[in-house]
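Trainee: return a 3D structure for these sequence lines:
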Amino acid sequence: MTSNARCSMRRLAALVIAAISLTGCATVASDDRVATVCPPVVEYTREFQARAADEIDLLPESSAIAEMLADYSVMREQARACRAG
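Mentor: Reported below is the predicted structural model:
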């Protein structure tokens, strides 16, 4: 290995160490203009929920609609958690 190669390896190592050191100082996102926006969660009455449950019971066993509603339920819980946080 020539002395030039050793010198450039040292420079590269110094740059890597400097970059790692500088990124370690960052404690927040660099763009403060970004805000978390939580989607609204529509509240349904107990009567409406009971009606929906009755309608779901009428669907075939492997209904795509039932699967989509399960996904929607998860998204509603995530939106609630977002609002609480």
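
Trainee: so Tyr72: helix, strand or coil?
Mentor: Under the three-state scheme (DSSP: H, G, I helix; E, B strand; the rest coil), Tyr72 adopts helix.

Trainee: same question for the one 10 residues further on.
Mentor: Put simply, Cys82 is helix when judged by three-state DSSP.

Trainee: if I look at the nearest residue to it once chain neighbours are set aside, how far off is Ala52?
Mentor: In this structure, Cys82 finds its nearest non-sequential neighbour in Cys38, 3.7 Å apart by CB to CB, 6 or more residues apart in numbering. All C-beta atoms are positioned from the backbone trio N, CA, C, and that covers glycine. Distance, Cys38 to Ala52, by CB to CB, to the nearest Å: 24 Å.

Trainee: now do Leu58
Mentor: 11 Å.

Trainee: comparing these two, which residue is more hemmed in?
Mentor: Each of Leu58 and Ala52 has its neighbours counted (other CB atoms under 10 Å); Ala52 has more, 12 against 7.

Trainee: which elements pack onto the host helix or strand of the more buried one?
Mentor: Per DSSP states H and E, Ala52 falls inside helix 46-57. Packed against helix 46-57, as judged by 3 or more CB pairs under 8 Å, 6 or more residues apart in numbering; DSSP states H and E, are the following elements: helix 64-84.

Trainee: relative to helix 46-57, how tilted is the helix it packs on?
Mentor: Helix 64-84 runs at 140 degrees relative to helix 46-57, counting by axes from the mean of the first three to the mean of the last three CA atoms, to 10 degrees.

Trainee: show me what helix 64-84 is packed up against.
Mentor: Other elements packing on helix 64-84 under the criterion 3+ CB pairs under 8 Å, 6+ apart are helix 46-57.

Trainee: contacts for the helix it packs on, please.
Mentor: For helix 46-57, contacts defined as CB atoms under 8 Å, 6 or more residues apart in numbering pick out 44, 65-66, 69.

Trainee: same question for it, mean pLDDT?
Mentor: For helix 46-57, mean pLDDT is 94.
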